[in-house]
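> show me the folded form of this:
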Amino acid sequence: MPEPILYEADEGFIVINGDDVLVSERTEKGQERTEKLRKVAEAVKRKGISRLKVSSIPAQEKMEEFGIETSIITDEERDDLDSRKVAIIEKAGLGGESGGALGEARARAIAAAEQEVSEASSKEDLHLVNAIQALDELDRFLNITTERTMEWYSLHFPELQDILKDNLALAKLIIEIGRRGTFDEEALEKQGFGGKKAEAIMLASEKSKGGTISEKDVRRIVGLAELAVKTAAEREKLAEAVDSTMNKIAPNITQVAGATIGARLIARAGGLERMARLPASTIQVLGAEKALFRAIRTGSRPPKHGILFQHEAVHMAPKWQRGKIARTLANKIAIAARIDYYRGTKAEELTGLFEKRLKEIKIKYKEPPPPRPEQRREFRRDDQQRPRYGRSRAERKPGGRQEKRFYKKPGPRQ
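Model (predicted):
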């Protein structure tokens, strides 16, 4: 006689033996299921059943606590029960008053999916991905806006561009002063330009070779400058939010790579969970996917770094050290990502280990390696290696137009 099986559904617990339903207990949404398992165990004992097959480890542990021997069902038995799920629920009387078992199962499945989507959308690393992407887009927009403001205003006052190298400071000055004829020392001092720089600006405004500008164009330039200043202020707020979120959810990555670089790596990887599963070799080339696939396709050298090139230790190092430093940095970031996701505590020793290895690399590889002998690489397809008209150049006659032949001349073996 087959053993009874404890079948777990969203609607409740059902003990079946073949096609017969022995015990059923309904569970409501959010209700504690342990109490229902206890009632199932008592009902099973009253029917004289001392051994059950269960479908999960938690149910097995609870049943054994209540004194019932258990074993886990096989995959074939699980598939069979799932295929008969609606019929089992209806026979157990757990289908509900309206819609039957199928409608009840559908409603519960939709509710579970909605809850899962809501929980996935609430993850802080996904909000961090959008924040760092918005930060990069604001940087691009800010650069374009300040460049356009500078180019437009330089038609009226081109000398100011050589004096003020900071485009954002130039935009703030345009907002406050406007035309070059309105420049005075008091206004410049309010903007933080005093001493020799203020004198240089005043002298340049008097001797400027720029053209005249209408009031309408001045208003448009001032509007662009105001937009650039507002964008810069919003960019600073967003950068602070990225730093705060990174220190909260990924303190070790922030400690090793920095908040901005760490956030860009998480965004490129698709989230902290996925980054925690990536090997260090993949983290090293994140952001250089095009160069990597081109190297695979053509046989050229693969890239040594991607986003990690933005790290100070990498881009400030000599070329022959960058690959080794990027590999070391990627190793530490991979460890930091796993600690951040699975443990959530800060490991102070990661930065020390990276600094120690960085010093070793700088000492050991202080001098550049000797140049490699050039190796000629030929990546030709078979059709590119064939003669143009079926005969080699040595076989062609020295003069006159040659006859086109599209097939090779048969050899002695052919």
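
> K209 and R38, how far apart?
92 Å (Cβ to Cβ, to the nearest Å). From N, CA and C alone the C-beta is placed, and that goes for glycine too.

> which one of the two has more residues nearby?
R38 (15 against 8; other Cβ atoms under 10 Å).

> which residue is the nearest non-sequential neighbour of the more buried one?
Distances taken as Cβ to Cβ, 6 or more residues apart in numbering put F66 closest to R38, at 6.4 Å, once the chain neighbours are dropped.

> what about the one you found, how many residues close to it?
That count, for F66 with other Cβ under 10 Å as the rule, works out to 13.

> list the buried residues for the longest helix seen in the chain?
If you go by DSSP state H, the chain has its longest helix at helix 215-249. Within helix 215-249, the residues that count as buried by 16 or more other Cβ atoms under 10 Å are 221-222, 224-225, 227-229, 231-232, 235, 238-239, 241-242, 245-246, 249.

> please parse the protein into its domains.
5-120, 127-241, 250-364 (automatic domain parsing).

> show me where the stretch 51-200 of the chain has its strands.
Using DSSP state E, counting those that start in this stretch, the strands found in the stretch 51-200 of the chain span residues 51-54, 69-72.

> deepest of these, which one?
strand 51-54 (a mean of 20; mean count of other Cβ atoms under 10 Å).

> show me what that strand is packed against.
On a contact count with 3 or more Cβ pairs under 8 Å, 6 or more residues apart in numbering; DSSP states H and E, strand 51-54 meets strand 5-9, helix 57-65, strand 69-72.

> how about those in JSON lines, adding mean pLDDT and distance to K190?
Output for the helices and strands packed on strand 51-54, formatted as JSON lines (pLDDT from 0 to 100; distance: least, Cβ to Cβ, whole Å):
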{"stretch": "strand 5-9", "mean pLDDT": "79", "distance to K190": "73"}
{"stretch": "helix 57-65", "mean pLDDT": "80", "distance to K190": "70"}
{"stretch": "strand 69-72", "mean pLDDT": "83", "distance to K190": "78"}
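
> need the ones you listed in JSON lines (columns: distance to R372).
Output for these, formatted as JSON lines (distance: least, Cβ to Cβ, whole Å):
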{"stretch": "strand 5-9", "distance to R372": "64"}
{"stretch": "helix 57-65", "distance to R372": "58"}
{"stretch": "strand 69-72", "distance to R372": "60"}
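
> to E349, which of these lies closest?
helix 57-65 (36.3 Å; Cβ to Cβ).

> what residues sit buried inside that closest one?
For helix 57-65, by 16+ other Cβ under 10 Å, it's 59-60, 62-63.

> who are the packing partners of it?
Checking 3+ Cβ pairs under 8 Å, 6+ apart, helix 57-65 ends up next to strand 5-9, helix 33-46, strand 51-54, strand 69-72.

> next, the angle from the second one to strand 5-9.
Same thing as helix 33-46. 150 degrees (axes from the mean of the first three to the mean of the last three Cα atoms, to 10 degrees).

> isn't K332 up against G262?
No - taking contacts as Cβ atoms under 8 Å, K332 lies outside contact range of G262: 11.4 Å.

> who has more neighbours, the two?
G262 (28 against 22).
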